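J.: Dropping the sequence and predicted coords here.
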Amino acid sequence: MIVLKSKDEIAVMREANLHVYETLNALEQAAVPGATTWDLDRIAADELKKRGLKSPFLGYHGYPCVLCTSVNEVVVHGIPSKKVKLKEGDIIGIDFGVIHKGYVGDSARTVGVGKIAPAAQALIDVTREALEVAIRAAQPGARVNDIGAAVSAFVEEKRYSVVEEFVGHGIGTRMHEEPQVPNYYLRSATTRLRPGLVVALEPMVNIGKKHTHTLADGWTAVTDDASLSAHFEHSVAITEDGPVVLSRPA
Ligand code: MF3
Ligand code: CO
């Protein structure tokens with residue numbers, strides 16, 4: 001079942017996502033050599049407290065933190081840990097969400113720690129652009145699989161791989177609503193994008209092959225070939241005038 005949102009609901013989701021945006025800014029600033037991913041989780045938890053918000057991640061299928069921190073070959077869902085200390089040259093995907101007035105905001109970005117290699121920066125740049133490609137494809141009247149077709153064409157032309165095992169999703173009062181939004185062309189994903197649909201678009205791109213597996217902690221997804229991976233995510237409202245990115249200032 002697809003739940004369309006009213007203009008008023010989308011306005012609340014915009015508020016939720018601006019909290020996410022501001023918190024991601026703080027986390028990006030804190031992702032420096034010597035910081036642990038646990039330090040970042042505490043900063044995120046402090047922001048939630050300060051803003052009077054709850055986490056949609058904490059306790060989700062038993063997830064233990066308010067943040068996902070995915071370093072280097074970790075694709076998504078890295079669990080913050082005192083044992084993971086950031087060092088110069090790492091890249092880290094920072095994925096954060098809030099619940100604000102009953103609505104979920106969700107966004108992620110990948111950033112470099114200190115000075116990073118040109119190849120790592122190129123991966124980050126392509127993945128950020130892949131998200132913009134996804135957003136541009138999210139026009140009212142288009143289909144869900146137009147998004148994945150556009151993303152994979154863009155990424156593969158640049159000789160990177162699109163992760164297929166994790167997908168974007170509808171979002172609203174629940175973090176994961178229908179439809180699922182793959183980042184590749186899925187023939188059966190024919191759902192029309194209609195005004196009022198809000199989706200979290202989130203391409204994951206690898207330097208090496210597309211395949212991933214999950215570590216024994218049940219969460220941490222890593223590339224099979226240990227190649228670097230990047231991830232960007234925005235919550236996007238489909239409107240009559242086109243896609244509107246909720247998780248960054250207009
Ligand atoms: N933002 C992610 C998503 O889109 C992370 C949720 S995983 C969680 O699905 F377990 F941490 F909640
Ligand atoms: Co998401």
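T.: Now that the structure is in, tell me what you want to look at. Ligands and ions are numbered 1, 2, ... in the order given.
J.: So Ala108: helix, strand or coil?
T.: strand (DSSP: H, G, I helix; E, B strand; the rest coil).
J.: I'd assumed Ser247 was in contact with it.
T.: No. Using CB atoms under 8 Å, Ala108 is not in contact with Ser247, being 9.1 Å away. In short, each C-beta sits where N, CA and C put it, glycine included.
J.: Overlap of the contact sets of the two?
T.: Taking CB atoms under 8 Å, 6 or more residues apart in numbering as the criterion, Ala108 and Ser247 both touch Glu233.
J.: Could you show which parts of this structure are in contact with ligand 2?
T.: Residues of the chain lying close to ligand 2 (CB under 5 Å from the ion) are Asp106, Ala200.
J.: What are the boundaries of the helices in the chain?
T.: 7-30, 37-51, 118-137, 144-157 (DSSP state H).
J.: Quickly compare those and say which is most buried.
T.: Among the helices of the chain, helix 144-157 has the highest mean neighbour count (mean count of other CB atoms under 10 Å), at a mean of 21.
J.: related to what we said a few turns ago, so which of the helices of the chain comes closest to Arg174?
T.: Closest to Arg174 of those is helix 7-30 (CB to CB; 12.2 Å).
J.: is it possible to export the helices of the chain to CSV including mean pLDDT and distance to Gly62?
T.: Putting the helices of the chain into CSV (pLDDT from 0 to 100; distance: least, CB to CB, whole Å) gives the following:
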stretch, mean pLDDT, distance to Gly62
helix 7-30, 98, 22
helix 37-51, 98, 16
helix 118-137, 99, 28
helix 144-157, 98, 29
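J.: Export these to TSV and append columns for distance to Val84.
T.: As requested, those are exported to TSV (distance: least, CB to CB, whole Å):
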stretch	distance to Val84
helix 7-30	14
helix 37-51	4
helix 118-137	17
helix 144-157	27
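J.: so which of those gets nearest ligand 1?
T.: Of all the helices of the chain, helix 7-30 sits nearest to ligand 1, with 9.7 Å by CB to the nearest ligand atom.
J.: in terms of contact count, name the helices or strands touching the closest one.
T.: In terms of contacts (3 or more CB pairs under 8 Å, 6 or more residues apart in numbering; DSSP states H and E), helix 7-30 is packed against helix 37-51, strand 91-100, strand 103-112, strand 234-239.
J.: tell me the angle of that helix relative to strand 234-239?
T.: Counting by axes from the mean of the first three to the mean of the last three CA atoms, to 10 degrees, helix 7-30 lies at 160 degrees to strand 234-239.
J.: centroid residue for the protein?
T.: Per CA atoms, centre = their mean, the C-alpha nearest to the average position across the chain is that of Glu233, at 3.0 Å.
J.: tell me the contacts of it?
T.: Taking CB under 8 Å, 6+ apart as the test, what Glu233 contacts is Asp95, Asp106, Ser107, Ala108, Arg109, Leu131, Gly168, Ala200, Leu201, Glu202, Ser247.
J.: which of those sit farthest apart?
T.: Arg109 and Gly168 (14.8 Å).
J.: any idea how far the residue of the chain found nearest ligand 2 is from ligand 1?
T.: Closest residue of the chain to ligand 2, CB to the ion: Ala200 (3.9 Å). Ala200 is 5 Å from ligand 1, where distance means CB to the nearest ligand atom, to the nearest Å.
J.: Now for that residue: which residues touch it?
T.: With CB under 8 Å, 6+ apart, Ala200 has these contacts: Asp106, Ser107, Gly168, His169, Gly170, Ile171, Val181, Glu233, His234, Ser235, Val236.
J.: got those residues as JSON lines, with distance to ligand 1 columns?
T.: Listed next are these as JSON lines, based on distance: CB to the nearest ligand atom, whole Å:
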{"residue": "Asp106", "distance to ligand 1": "5"}
{"residue": "Ser107", "distance to ligand 1": "8"}
{"residue": "Gly168", "distance to ligand 1": "7"}
{"residue": "His169", "distance to ligand 1": "6"}
{"residue": "Gly170", "distance to ligand 1": "11"}
{"residue": "Ile171", "distance to ligand 1": "8"}
{"residue": "Val181", "distance to ligand 1": "10"}
{"residue": "Glu233", "distance to ligand 1": "6"}
{"residue": "His234", "distance to ligand 1": "11"}
{"residue": "Ser235", "distance to ligand 1": "9"}
{"residue": "Val236", "distance to ligand 1": "13"}
